[in-house]
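Trainee: below is the sequence, then the predicted model.
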Amino acid sequence: MEEKQQTNFEKIAFLILLLFITVFLTYILQPFFFAIFWAVLVASIFSPLYKFINKKVLNPNLCAGITLITVFLCLILPVGLLIDLLVVEAIDIYQSLNSSNNNWIGTLSEVLKSLNNNPLLAKLDVDQAFLISKSQEALKALTQYVLTHISEFTQNTIFVFVSFAVMLYSLFYFLRDGKKLTATIIDNIPVDNKHLRHFIDQFLTTAKSSLKFTFVIGGIQGFLGGLVFYLTGVERALVWGVLMFGLSIVPAVGSAIIWAPAGIIMLFLGHIWQGIVILLFGSLVISSVDNLLRPVLMGRDTQMHPLLIFLSTLGGIAALGFSGFILGPVIASLFLAGWKIFPEIFQKEIQQ
């Protein structure tokens, strides 16, 4: 009896020690969580390329290096250039708002004058000076918000570079040893291998689908939006196209935040056919890309309802920031997978 109690005490003490070490390791790795997450995600997407190169080149280190260079040239460099473009434009807009003579105030004045010329809206007796002042303040606040986050980003340059280096370093090993690492995790975690593999498959499938289809849908929406802006004479069509690409991570309403106000402003400025074209093209073509492709493509791969995809994406962005547009659907997918396995496990216990 005493021997059994001693054994139980040793097991409990070991579990407490193991829990303490695990929590402490998690705390140490916590600053690089997103870097490691993106490394896992990119490695899973580019693993077919690594396997293809490995058939031609037997050296695994060289294969991982070639794949890493490809990732940098095809993914990281273009994204960096787009971010640089948006930063330059944000600074330019902020400087133009602070200057005494700028096109923003002139455009807003034209819009308000056209509103006052409308018999119905003229009865409201809109105070143009007040609206111009408040609109300028709102635009300044928006650009100031962007610039503040940019300055915070630049102030943490060392941490950003370290995180980027951690991502690339982790990516190299995930590409080279991904299969071994997965097998090690499955063998050492005290969960049924079948269930654990199901969780891993769900995680990778949902994460890859979210990233791939966001880039595909965002690229199509950004191209179409930039094209219709260019054809209708909207200034900085390329920048607006890039913004629509970035906002496409928000399902259903993302790019509409750009093209809908643009079309309405064009109508108020007297550019009737341009405004109608933007609104019709946006509602019938640009929005259809998101409304038709995202539920079909993501829902087919992840087996999730479009409403759950929408809510988990928005919730993920709100809770976790930029990476939330992938982590949100991933967590929702794991939640569904867990509850699907739950009855199976307990049914076996009842039968036993």
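Mentor: Nice, thanks for sending it over.

Trainee: Arg176: what's it in contact with?
Mentor: Residues counted as contacts of Arg176 (Cβ atoms under 8 Å, 6 or more residues apart in numbering) are 50, 60-61, 63-64. In this view, the C-beta of every residue, glycine as well, is placed from N, C-alpha and C.

Trainee: got the confidence number for it?
Mentor: We have a pLDDT of 89 for Arg176.

Trainee: returning to that earlier point: out of the contacts of Arg176, the closest to Lys340 would be?
Mentor: Taking Cβ to Cβ as the measure, Lys340 lies nearest Tyr50 of the contacts of Arg176, at 31.1 Å.

Trainee: distance of that closest one from Leu77?
Mentor: Shown here: Tyr50 relative to Leu77, a distance of 19 Å by Cβ to Cβ, to the nearest Å.

Trainee: neighbour count: the two, which is higher?
Mentor: Between Tyr50 and Leu77, counted using other Cβ atoms under 10 Å, Tyr50 has the larger neighbour count: 20 against 11.

Trainee: only C-alpha atoms, please: export the helix or strand where the more buried one lies in PDB.
Mentor: In this structure, Tyr50 is located in helix 33-56 according to DSSP states H and E. Only the C-alpha atoms of helix 33-56 are listed here, as PDB (Å, rounded to 0.1, in the frame of the first residue of the first chain):
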ATOM      1  CA  PHE A  33       4.900  32.700 -31.500                       C
ATOM      2  CA  PHE A  34       3.800  34.500 -34.700                       C
ATOM      3  CA  ALA A  35       7.200  34.100 -36.300                       C
ATOM      4  CA  ILE A  36       7.100  30.300 -35.700                       C
ATOM      5  CA  PHE A  37       3.500  30.100 -36.800                       C
ATOM      6  CA  TRP A  38       4.300  31.800 -40.100                       C
ATOM      7  CA  ALA A  39       7.300  29.600 -40.600                       C
ATOM      8  CA  VAL A  40       5.100  26.500 -40.100                       C
ATOM      9  CA  LEU A  41       2.500  27.800 -42.500                       C
ATOM     10  CA  VAL A  42       4.900  28.800 -45.300                       C
ATOM     11  CA  ALA A  43       6.800  25.600 -44.900                       C
ATOM     12  CA  SER A  44       3.600  23.600 -45.400                       C
ATOM     13  CA  ILE A  45       2.700  25.500 -48.500                       C
ATOM     14  CA  PHE A  46       6.200  25.200 -50.100                       C
ATOM     15  CA  SER A  47       6.900  21.600 -49.000                       C
ATOM     16  CA  PRO A  48       5.800  20.200 -52.400                       C
ATOM     17  CA  LEU A  49       8.500  22.500 -54.000                       C
ATOM     18  CA  TYR A  50      11.100  21.200 -51.500                       C
ATOM     19  CA  LYS A  51      10.100  17.600 -52.300                       C
ATOM     20  CA  PHE A  52      10.400  18.300 -56.100                       C
ATOM     21  CA  ILE A  53      13.800  19.800 -55.700                       C
ATOM     22  CA  ASN A  54      14.900  17.000 -53.400                       C
ATOM     23  CA  LYS A  55      14.200  14.500 -56.200                       C
ATOM     24  CA  LYS A  56      16.800  16.300 -58.300                       C
END
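
Trainee: buried stuff in that helix?
Mentor: The neighbour-count check on helix 33-56 (16 or more other Cβ atoms under 10 Å) flags 34-47, 49-50, 53-54 as buried.

Trainee: where in this structure is pLDDT low?
Mentor: By pLDDT under 70, the weakly predicted segments of the chain are 1-7, 89-91, 93-156, 250-253, 291, 294-303, 346-352.

Trainee: give me the most central residue, it.
Mentor: Geometric centre of the chain, nearest residue: Phe325, 4.2 Å, by Cα atoms, centre = their mean.

Trainee: before we move on, which element is that residue in?
Mentor: For Phe325, the host element (DSSP H and E) is helix 324-351.

Trainee: pull out the buried residues from that helix.
Mentor: Neighbour-count burial for helix 324-351, with 16+ other Cβ under 10 Å as criterion, is recorded at 324-334, 336-337, 341.

Trainee: how about stretch 315-326?
Mentor: Neighbour counts using 16+ other Cβ under 10 Å place 315-317, 320, 323-326 of stretch 315-326 among the buried residues.

Trainee: stretch 306-316 too?
Mentor: Within stretch 306-316, the residues that count as buried by 16+ other Cβ under 10 Å are 308-310, 312-316.

Trainee: tell me the one of the residues you listed nearest Gln30?
Mentor: Nearest to Gln30, judged by Cβ to Cβ, of the buried residues of stretch 306-316 is Gly316 at 18.2 Å.

Trainee: which residues sit in contact with the closest one?
Mentor: Under the criterion of Cβ under 8 Å, 6+ apart, the neighbours of Gly316 are 323-329, 331.

Trainee: which non-adjacent residue is nearest it?
Mentor: Nearest non-adjacent residue to Gly316, counting by Cβ to Cβ, 6 or more residues apart in numbering: Gly328, 2.0 Å away.

Trainee: what sits against the one you found?
Mentor: Applying Cβ under 8 Å, 6+ apart to Gly328 gives the contacts 312-317, 319-320.
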